[in-house]
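K.L.:
Here's a sequence, model it:
(one chain, ligands or ions: 1)
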Amino acid sequence: MTLLESGGRADDAATQSLYRGASMAQKYFQLDAARSRYFGGSTNCWMGFCRPLDEDDFEPFSRIVEVLSSPYDEQRGNERYAEPPRPDQIVHETFCGT
Ligand SMILES: Cc1cc2nc3c(=O)[nH]c(=O)nc-3n(C[C@H](O)[C@H](O)[C@H](O)COP(=O)(O)OP(=O)(O)OC[C@H]3O[C@@H](n4cnc5c(N)ncnc54)[C@H](O)[C@@H]3O)c2cc1C
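P.N.:
Below you'll find the model as predicted:
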């Protein structure tokens, strides 16, 4: 197995600076501060805590799939999915800026 890694085993300013850049779409954190460019990658930002998924982690996804399986039927209990977006929910620009 070969591991290609831009940085070393610890953070260093010169390598980290390669992550500098400007975010052109949505406002985001400073790009060279929100990612780690050394062994372990961005898990170094949060110490790599992991845990198994909960039963209901995919519940919103499963529900929307169920709702979209009959998009033209009125569905009791799912009325909110038929409502238009509130003004603050309207997406004017996608993440990639298109
Ligand atoms: C503050 C913070 C908290 C987070 N908390 C959580 C959390 O609680 N739970 C969770 O699941 N996720 C969390 N995340 C997200 C998670 O860390 C990232 O989604 C994940 O690390 C992305 O993995 P990746 O392999 O795509 O990229 P990265 O982990 O960023 O790894 C990319 C690797 O490639 C290397 N690299 C970059 N360019 C080159 C190059 N040109 N040549 C060779 N190597 C290169 C980098 O040095 C780095 O090691 C958090 C992120 C941040 C910033």
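K.L.:
going forward, measure contacts and count neighbours with C-alpha atoms only.
P.N.:
OK.
K.L.:
Show me where the chain dips below the pLDDT cut-off.
P.N.:
94-98 (pLDDT under 70).
K.L.:
got the residues of this protein near the ligand?
P.N.:
Within the chain, the positions lying close to the ligand (CA under 6 Å from any ligand atom) are 4-7, 34-43, 45-46.
K.L.:
By neighbours, which of those residues wins?
P.N.:
Among those, the one with the most neighbours (other CA atoms under 10 Å) is residue 37, at 25 neighbours.
K.L.:
was I right about that one contacting residue 20?
P.N.:
No - using CA atoms under 8 Å, residue 37 makes no contact with residue 20, being 10.8 Å away.
K.L.:
So residue 38 sits against residue 13, correct?
P.N.:
No - between residue 38 and residue 13 there is no contact under CA under 8 Å: 10.5 Å.
K.L.:
in stretch 64-75, what counts as buried?
P.N.:
residue 67 (16 or more other CA atoms under 10 Å).
K.L.:
One more: stretch 7-18?
P.N.:
7, 15-16.
K.L.:
any idea which of those is closest to the ligand?
P.N.:
residue 7 (5.1 Å; CA to the nearest ligand atom).
K.L.:
got the buried residues of stretch 7-18 as a markdown table, with secondary structure and distance to residue 58 columns?
P.N.:
Output for the buried residues of stretch 7-18, formatted as a markdown table (DSSP: H, G, I helix; E, B strand; the rest coil; distance: CA to CA, whole Å):
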| residue | secondary structure | distance to residue 58 |
| --- | --- | --- |
| 7 | coil | 35 |
| 15 | helix | 37 |
| 16 | helix | 35 |
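K.L.:
Kindly list the longest helix within this structure.
P.N.:
helix 59-68 (DSSP state H).
K.L.:
Return the distance of that one from the chain's centre.
P.N.:
In terms of CA atoms, centre = their mean, to the nearest Å, the gap separating the centre of helix 59-68 from the centre of its chain is 19 Å.
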